[in-house]
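Asks: need coordinates for the following:
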Amino acid sequence: MTDRFNTIAGWVLFSGIVALGLSSLSSKYFEADKHHRPHEMGYAIEGVAAEGGAEAGPSLPELLAQADLAKGEKLFGKCVSCHTIAPGGANGIGPNLHAIVGEAVGKGVGGYAFSSALSGVGGNWDFAKLDQWLTSPKAFAPGTKMSFAGLGKAEDRANLIAWLNTQGSNLPLPAVEAKPAEGGEEAAPAEAAEAAPAEAAPAH
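Replies: Numbers count the residues shown, from 1 in each chain. Prediction:
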């Protein structure tokens, strides 16, 4: 009985040693202990940007060209606790914003006392600067008194900027750059190649 027990115990121990050895070898072979991104993803995951950056969305001129003024006016409702926009309106916590598009940054708005952080930026409130400002005032002018956190959606900023432009500024919207047609560059050489024999043929 004792011999039988020893035999069984020996086989169990041997089996455990073999299993441990195989586990160690397989982990080294397949690098199971190293967590890294696979060289090729098995499938695309919606909402996760690919390596190298996310695809760029519509440009600011494109967004302004299709801006919804009604939505822009509604968004301005977030600003009325600090700003007025009527012609000749009084300054509040922030300056009156009538005809702000095209005005000098941090200067000349009804005697409002701008912070040195904003008045030192320079230039005028063009569409691009307004977009940067509305994205994050603190990033645009570090040290600004403006407590507004910013608008995260590019469409919201474009809607608001387009509406602000209708309130006394009415500047022309920036031109939208024409995009080349797909395969345009490749099609041209092919068309030229087809046309070449006809041009080279002698007239009858």
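
Asks: contacts and neighbour counts: CA atoms only from here.
Replies: Noted.

Asks: where does pLDDT dip in this protein?
Replies: Within the chain, the ranges that satisfy pLDDT under 70 run 1-6, 9-14, 16, 18-55, 108-109, 181-204.

Asks: helices of that one, start to end?
Replies: 2-30, 60-65, 69-75, 116-119, 127-135, 137-140, 154-166, 184-200 (DSSP state H).

Asks: surely residue 135 and residue 150 touch.
Replies: Yes: with contact defined as Cα atoms under 8 Å, residue 135 counts as touching residue 150 (4.9 Å).

Asks: the two: which is more packed in?
Replies: residue 135 (20 against 17; other Cα atoms under 10 Å).

Asks: which residues touch the more buried one?
Replies: The contact partners of residue 135, taken as Cα atoms under 8 Å, 6 or more residues apart in numbering, are 150-152, 157.

Asks: ranking these by neighbours, who comes first?
Replies: residue 157 (25 neighbours).

Asks: give the contact list for that one.
Replies: Counting by Cα under 8 Å, 6+ apart, residue 157 has contacts 72, 131, 134-135, 151.

Asks: between the residues you listed, which is closest to residue 62?
Replies: Proximity of those to residue 62 (Cα to Cα) peaks at residue 131, which lies at 13.1 Å.

Asks: against residue 120, how distant is the residue lying closest to the closest one once chain neighbours are set aside?
Replies: Counting by Cα to Cα, 6 or more residues apart in numbering, residue 131 lies nearest to residue 157, which is 6.3 Å off, once chain neighbours are set aside. For residue 157, the distance to residue 120 equals 23 Å [Cα to Cα, to the nearest Å].

Asks: next one: residue 140
Replies: As judged by Cα to Cα, residue 140 and residue 120 stand 11 Å apart.

Asks: between the two, who's got more neighbours?
Replies: With neighbours defined as other Cα under 10 Å, residue 140 and residue 120 compare such that residue 140 has more, 18 against 13.

Asks: residues contacting the nearest residue in space to that one that is not next to it in sequence?
Replies: Among residues not flanking residue 140 along the chain, residue 133 sits closest, at 5.5 Å (Cα to Cα, 6+ apart). Going by Cα under 8 Å, 6+ apart, residue 133 touches 139-141, 150.
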